[in-house]
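Undergrad: would you be able to build a 3D model of this:
(one chain, ligands or ions: 1)
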Amino acid sequence: MTTFLVLHGPNLNLTGDREPEIYGQLSLQAINERLFGWAEHRTIELRAFQSNHEGALIDSLHECRAWADGVVLNAGALTHYSFALRDAIAAIPIPVVEVHMSHVANREPFRHTSVIAPACSGQISGFGWFSYVLGLEALFRLAKGET
Ligand code: DQA
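TA: Numbering: from 1, shown residues only. Below is the predicted model of the structure:
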């Protein structure tokens, strides 16, 4: 069975409460539930994990290479400066799709740089919680060898 991991980085546990005009009003749990629904329809096993700690995200990337066929990663602000996270993505042999709920290219200049992007299979940004669905769709196609 195809298995994907959705990995949420720092501050995303506050989604719904945190700057809802930017990140929307759905809680992270509500978003995950929609993603589990997406997976169920496609007979995909989906696991989700959130951490505010860079090292825990790196551990999770290392560990999932044993069982996951791909990762949808919203690295939060670590996107913009974490070379350690970028190296962890490059170190694992499975595709990682970078996602952002907000349209980062249209925000503050520091958000225009993604140091993880070169290690990822692609990047999706600006579609709210649906960015995660688009990331999963991209992984699904990659897993089927369609892209
Ligand atoms: C984010 C964008 C990042 O710049 C920010 O630091 C986040 C969330 C997004 O989903 O839009 O925490 O990754």
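
Undergrad: contacting residues for L136?
TA: For L136, the contact set (Cβ atoms under 8 Å, 6 or more residues apart in numbering) comprises F4, V6, L35, W38, A39, I44, L46, V72. C-betas here are computed from N, CA, C, even on glycine.

Undergrad: from L46, how far out is the fourth one?
TA: What it means is W38. From W38 across to L46, the span is 8 Å (Cβ to Cβ, to the nearest Å).

Undergrad: higher neighbour count, those two?
TA: More neighbours surround L46 than the other of W38 and L46, with 20 against 17 (other Cβ atoms under 10 Å).

Undergrad: what's opposite the more buried one in the beta bridge?
TA: Taking DSSP bridges as the rule, L46 bridges to F4.

Undergrad: ok, V99 next?
TA: Note on V99: beta-bridge partners by DSSP bridges are I124.

Undergrad: surely it meets I124?
TA: Yes. Here V99 reaches I124: they are 4.8 Å apart, a contact under Cβ atoms under 8 Å.

Undergrad: ok, those two, which is more surrounded?
TA: V99 (28 against 21).

Undergrad: how far away is the closest residue in space to R65 that isn't next to it in sequence from H100?
TA: Once flanking residues are discounted, R65 sits nearest to I92: 4.3 Å by Cβ to Cβ, 6 or more residues apart in numbering. Per Cβ to Cβ, I92 is found 20 Å from H100.
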